[in-house]
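> mind looking at a prediction? Sequence and model below.
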Amino acid sequence: MRSLNTLHQEFEVPAELQHMIKCFWYDKSDFGETESSFEIMPDGYAEIVFHFGNSCSISIHGDFQPLPSPFIMGLLNQPAVLKTNGYLEIIGIRCFPWTVFDLLGLPSEKNAASIVKHPIAQLQSTLNECVRGNKIDNAITLIQHYFLNSQLQIPLDNTLFKAGFAMRDANGNMPVNKVAAAAHATVRTLERKFKQSSAHTVKDVSALMRFEQVRNQLWIDPNSNISALAQDLGYTDQSHLSREFKRYSGTTPAAFARKTKKEQQAINSDFVAFVQS
């Protein structure tokens, strides 16, 4: 995300929720008076997103459609393009893709953005008051309490839990049969449960996890050796990494690194850049 000024904060998750939620985060951006578009890059997480301030819209088949608050940003297989102007403030709940829909008791969808028809939407007005009063800690506490109070009603699927964290520990570099073994399940059972919970296959999620590692490393160090990255992350070779990277980002890793290097050189002291981790 690029804007004139950006503030980004991340907040730890209570131990009782760490098997479902990676972190809570807050972002405040000033895009100026002119309407601007920005990209959200794919990664290995799904998000529940509340937004405040000016309206925000997402490009669907080339047409921009308004985004309600909250909405779910699901797993992406290509960058999502959003548009807004002025101040945009966001509170996000970064979830593991195999937990986000179960967390809300909703059927899984493969859409880039899904409308949240759920009681959690009732938090919007109270969160808006907190954001307007610059009481971000209070807003995060409110969301934490909401999930802490509801988590006892959410059934925990140990198969998905074990499989998901085995995949994360391996940075997505684990064959499906070994993921199933780590979860003490058959491949067929694991794939069925993954499809039901995230609308994606184990292979889909693993590939996004690996892409995320490459993307983050190139952002941190645009001069990284791409061939070495391919070897470290279990790609067949550099060309395999390049094909997968272009599949999810629309550009090659070398081009992404060059663009990132230029953007980092242009960043002024008021801008804080971030990648999801």
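Happy to help now that I have it.

> end to end on stretch 176-193, go ahead and measure it.
13 Å (CA to CA, to the nearest Å).

> now do the buried residues in it.
The neighbour-count check on stretch 176-193 (16 or more other CB atoms under 10 Å) flags 176, 179-183, 185, 187, 190-191, 193 as buried. Where you see a C-beta, it was placed from the backbone N, CA and C, and this is true even at glycine.

> which one of these sits closest to residue 102?
Proximity of the buried residues of stretch 176-193 to residue 102 (CB to CB) peaks at residue 193, which lies at 10.2 Å.

> ok, the closest one - contacts?
98, 157, 159-160, 185 (CB atoms under 8 Å, 6 or more residues apart in numbering).

> got a winner among those residues for most neighbours?
Sorting these by how many neighbours each has (other CB atoms under 10 Å) puts residue 98 first, at 26 neighbours.

> and that residue, that one's in a helix?
No: with DSSP: H, G, I helix; E, B strand; the rest coil as the criterion, residue 98 is assigned coil and is not in a helix.

> now residue 225: phi and psi?
phi -80, psi 110 (degrees, to the nearest 10).

> just the pLDDT for it.
The model reports residue 225 with a pLDDT of 95.

> residue contacts, the closest residue to residue 33 other than its chain neighbours?
Leaving aside its chain neighbours, residue 33 sits nearest to residue 85 (6.4 Å; criterion: CB to CB, 6 or more residues apart in numbering). Going by CB under 8 Å, 6+ apart, residue 85 touches 31-36, 54.

> which one of those sits closest to residue 224?
residue 36 (29.1 Å).

> what about that closest one, neighbour count?
Around residue 36 there are 17 residues (other CB under 10 Å).

> quick one, which of the contacts of residue 85 are buried?
31, 36.

> any stretches of this structure with poor pLDDT?
Confidence mapping of the chain against pLDDT under 70 gives the ranges 1-5, 151-153, 266-277.

> tell me how far the residue nearest to residue 33 lies from residue 51.
13 Å (CB to CB, to the nearest Å).

> same question, residue 43
Residue 43 is 19 Å from residue 51, by CB to CB.

> ditto for residue 133
Distance of residue 133 to residue 51, computed by CB to CB: 17 Å.

> cool, and residue 191?
34 Å.

> which of residue 133 and residue 51 has more neighbours?
residue 51 (24 against 10).

> how about the residue located most distally from the centre of the chain: what's its closest non-neighbour residue?
Here the chain reaches farthest from its C-alpha mean at residue 186, the gap being 27.9 Å by CA atoms, centre = their mean. Nearest residue to residue 186 in three dimensions, chain neighbours excluded: residue 180, at 6.1 Å (CB to CB, 6+ apart).

> give me the helices and strands touching the host helix or strand of that neighbour, please.
Taking DSSP states H and E as the definition, residue 180 sits inside helix 176-182. Using 3 or more CB pairs under 8 Å, 6 or more residues apart in numbering; DSSP states H and E as the contact test, the elements touching helix 176-182 are helix 158-169, helix 187-198, helix 202-220.

> how far away from the center of its chain is that helix?
Helix 176-182 has its C-alpha centroid displaced from the chain centroid by 24 Å (CA atoms, centre = their mean, to the nearest Å).

> which other residues reach it?
Helix 176-182 is contacted from outside by 162-163, 166-167, 174, 186-187, 189-191, 202-203, 206, using CB under 8 Å, 6+ apart.

> could you dump those into CSV and include distance to residue 255?
Putting the contacts of helix 176-182 into CSV (distance: CB to CB, whole Å) gives the following:
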residue, distance to residue 255
162, 38
163, 34
166, 33
167, 28
174, 29
186, 41
187, 36
189, 41
190, 36
191, 34
202, 29
203, 26
206, 24
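
> if I look at residue 121, how far off is residue 146?
From residue 121 to residue 146 the distance is 11 Å (CB to CB).

> the spatially closest residue to residue 168 that is not a sequence neighbour: how many residues sit nearby?
In space, and not counting its chain neighbours, residue 168 is closest to residue 209: 6.8 Å by CB to CB, 6+ apart. By the measure other CB under 10 Å, the count of residues near residue 209 is 22.
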